[in-house]
Structures are given as C-alpha cells and as structure tokens.
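Q: Structure, please.
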Amino acid sequence: MKDIIVVGGGAGGMMAAIKAAEEGNKVTLIERNEKLGKKVFITGKGRCNVTNACDTTDFFNQVISNPKFLYSSVYGYDHDMVMDFFEKNSCPLKTERGERVFPVSDHSSDIIRTLENVLKKNHVNILKNTYVTDLVIKDNVIKGVKVSGTVPKEINGFKTNVPGKKEEVLNADAVILATGGVSYKVTGSDGNMFKVLKKYGHTVTDLRPGLIPLESDDKWVSPLSGLSLKNVNLALYAGDKKVFDGFGEMLFTHFGISGPLVLTGASYLNKKYPGSKATAVIDLKPALDTETLDKRILRDFDEYKNKSLKNAISGLLPSKLTSVIPLLASIDEDKKVNEITREERESLVHTLKNLKINIKGSRDINEAIITIGGVSIKEINPSTMESKLISGLYFAGEMIDVDALTGGFNLQIAWSTGHLAGESASLT
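A: Have a look, this model is predicted:
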C-alpha cells in the first residue's frame, strides 16, 4: 500500500483519487475550496456534459492540442467506460444531439455527488480549504507536498494547522497534480502550481484562453445582442490567413460574438495567433450559392416590388438584421425594391454571404471555458502521466498542454488522464 496525494478536487483529480484508492492505496485528496467539483458544477451550463459518445477514433479529431499524447489514456479509459462508471454508481445518463452525454436529471450536482460517494466508499481522505503551496522533492524524487490550511490530526499524523498561518508537510510516495488551468479562477484554478513546477525545471507552454467569446468594436454589433443564428458558416482570418472555418450556431452579445461556433473558432485563433486582431466572416445563407441566393432575392423583389427593402427581406432574415444588412450593403433600408439597381442587389447578396465583423480580441481569460497551454507534453510520459523530470509526480486534466472542442471532450480528457495517473501511481 502506498501513500498517494492528489492535488485538485476537479474531474481529473477526483477520478485519479478514486482509481488510486481502488488499487488499495491510502489516498488523500486535497482541494483548496470548501467543496469539490466547482468547475464540474458549471460545465454544460449547469447540466454537465459528462463526455461525448462518438467513436474513440473520432474523438481525436476534436482535440486541438497534442491529440497523439492522449492515445494511451483515452483508449485505456474511453467514453464507454466513463458512462459505465456513472451508471453503475446510480447516476443514469442520456445521449443528446451531437453525441453529447448528460445526466438524466440535467443536474451537474448529481455527477459531483456520485464522485463524492465513490470517494467515500473507497475511504479517500479529503482535505478541503487546504492550499498546496509547494512540492517536496529530493534528488528528483517526489516526497510530499507543503500545505497551508486545515489539516486534520489523523491525516498522516500531522497536527492541525492554523488556516493560512503556517505550512505543514504531508509525506507521500506519489503525488498527482490536477489543479487545472488559469480560467474561471473562482473555481480554484489560480495557476500557482505552474509557478511551482517551473521552479523545479518543468516547462509550461504559453497559457491562453480557449473556447472563449470574441470582442468587436463594430458599432452595429452591440445592438444585435441576444440574436442567435443557426445553420450559419463562420470563418476566422488572422490577416489574410484563414484560421477556422465551421458550420453551426452563434450568438451576438453586447461585446461581440459568442456561441458554440465562435468558441470553437476562438480556440484555433488563440492557439495559432494569440492576441491577434482578426476578422470574422459569416455566411448567413451557406445552403445557397451566390447565384441561387440572387435568384431567391429577385423572386422576393418581384413579389414585394412596392415594399421597402427592409420589409422585402423580412422573410429572409431575423428582424434584428433587416436594417443592419442594408446598412452594411450601403443601401437605404427604406428604398423601394423596384428602385434597387443590379449593383445594389449584388452588394446585398455579397453582404449576406460575407458579413464581416472586426475582432479586436478575446474576452478575459477568466471567462474562458478552458486554458490552452500547460505543462509541456515533452516532459510527461503519455503511457503513465508521470513526469519525466521528477519521479513519482503525475499529472491529470487541464494543467497538461492538451485541449479540445466543446461537446464533452475536455471532461473526457480529465477522466482519462486522471484514471491513468491514478492507476500508474499505484503501480510504480
């Protein structure tokens, strides 16, 4: 039996602690917050998109950064195994559009409660309100962690600590770090562990916001706040280089654009061109080519020849856009359609197919769903999740330099890497 410490009570940390405990070890799970799973609680808009039931081979197409690194962990603990875990532990699941998996209850709290029950069943010691300030390393071998917070007397024989006043050392045969990235700091991910790891020689790649809304200072964008567009095509350009091209749903906000399509595009943009200004180009009618769309508009103009332009295109667009599109096409919205020239109609068609938005940047990283970047995969053994620099130190979840698109893929990464880390720490 080994003494194993897991730092971080999120998805990856809880799964790592469970697996390590199931292997017969004495496991201590340390969480800086007053409760476990704070970020899990807010995922999927509070419903918790547990995983994605797509084929495992397709899973890797949804991983933006370093998909090959995840082969061992994901094939070793795939979405079927994750779903089986929750359902066997009395948390029924359902699969929705896009193969997204949620608890039947639509409550993320049920996912957290299930994990807590399994932790308790496996006698995992849980230290809440406890902050890991440093690692204890000797001759490149992990020996434990330094903590500040409330440490019960019965845990590893250490005296109860005065919260925030002094540090105590907790000894361990292995330590698993699952402290997350730097987004949503309210959930406990403050990035301090990255600073600690750098001190001991680990490389941390640039930390950038992933799956995050984009900001625009175009004056016509803000009044569209709340407008949701479905079945549109979005392309993002950094200069003249196309960074992303996708089909789906998006949303206008008071600061710019958001929604699934935008969040995905932002991850590609921030990975390849972090901090760059960009241009978003929306095709409002991707199902119609330019010629077909022009014929459709001609038919509408013929039917509504005595109406104003904004009224004639009301059947083609959401009401919030019927004034915006003529403005951007440089046509008077009140102009009668029988007075519109061919050049103006061509401009209208072009605008519908190429609605441009100037992007000045992303929202603050604290609003990002995930963090791009983290501990370099070159310094982690993908078959075990163990550090190549420090023996007995393992990693799980978002603090590793891997990230994926929305749809349950990032939580699957957490479950898979956590499971492998817990298993490997038990064996070595």
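Q: Longest helix in the chain, please.
A: helix 409-427 (DSSP state H).
Q: Name the residues of that helix that are buried.
A: 409-426 (16 or more other C-beta atoms under 10 Å). (C-beta placed from N, C-alpha, C; glycine too.)
Q: if you go through the stretch 301-428 of the chain in chain order, where are the helices?
A: 309-312, 324-328, 342-353, 409-427 (DSSP state H, counting those that start in this stretch).
Q: out of the ones you listed, which comes closest to residue 244?
A: Across these, residue 244 has its closest neighbour in helix 409-427 (16.5 Å, C-beta to C-beta).
Q: related to what we said a few turns ago, from the middle of its chain, how far away would the longest helix of the chain be?
A: Helix 409-427 sits 17 Å away from the centroid of its parent chain (C-alpha atoms, centre = their mean, to the nearest Å).
Q: Check the gap between the residue lying closest to residue 184 once chain neighbours are set aside and residue 374 for me.
A: Distances taken as C-beta to C-beta, 6 or more residues apart in numbering place residue 39 nearest to residue 184, at 6.0 Å, with adjacent residues excluded. Separation of residue 39 from residue 374 (C-beta to C-beta, to the nearest Å) stands at 15 Å.
Q: How about residue 355, nearest residue that isn't a chain neighbour?
A: That would be residue 282: by C-beta to C-beta, 6+ apart, it lies 4.2 Å from residue 355.
Q: repeat for residue 348
A: In space, residue 348 is closest to residue 329, 4.7 Å off (C-beta to C-beta, 6+ apart).
Q: and the one you found, what is it in contact with?
A: Residues near residue 329 by C-beta atoms under 8 Å, 6 or more residues apart in numbering: 344, 347-348, 350-351.
Q: Residue 196 too?
A: 133-135.
Q: re the thing from before, for the contacts of residue 329, give me TSV that also has pLDDT, distance to residue 255 and neighbour count.
A: Listed next are the contacts of residue 329 as TSV, based on pLDDT from 0 to 100; distance: C-beta to C-beta, whole Å; neighbours: other C-beta atoms under 10 Å:
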residue	pLDDT	distance to residue 255	neighbour count
344	97	32	18
347	98	28	17
348	97	28	24
350	98	27	15
351	98	23	20
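Q: Sort out which one of those residues lies nearest residue 312 for me.
A: The closest of those to residue 312 turns out to be residue 348 (C-beta to C-beta; 10.2 Å).
Q: these two touch, right, the closest one and residue 330?
A: No: in this structure residue 348 lies outside contact range of residue 330 using C-beta atoms under 8 Å: 9.5 Å.
Q: for the helix or strand hosting the residue nearest to residue 184, packing partners?
A: Using DSSP states H and E, residue 39 falls within helix 38-42. Where contact means 3 or more C-beta pairs under 8 Å, 6 or more residues apart in numbering; DSSP states H and E, helix 38-42 is packed against helix 108-121.
Q: Show me where the stretch 151-300 of the chain has its strands.
A: Along the stretch 151-300 of the chain, counting by DSSP state E, counting those that start in this stretch, strands occupy 168-171, 174-177, 208-210, 214-215, 228-238, 241-252, 256-258, 278-283.
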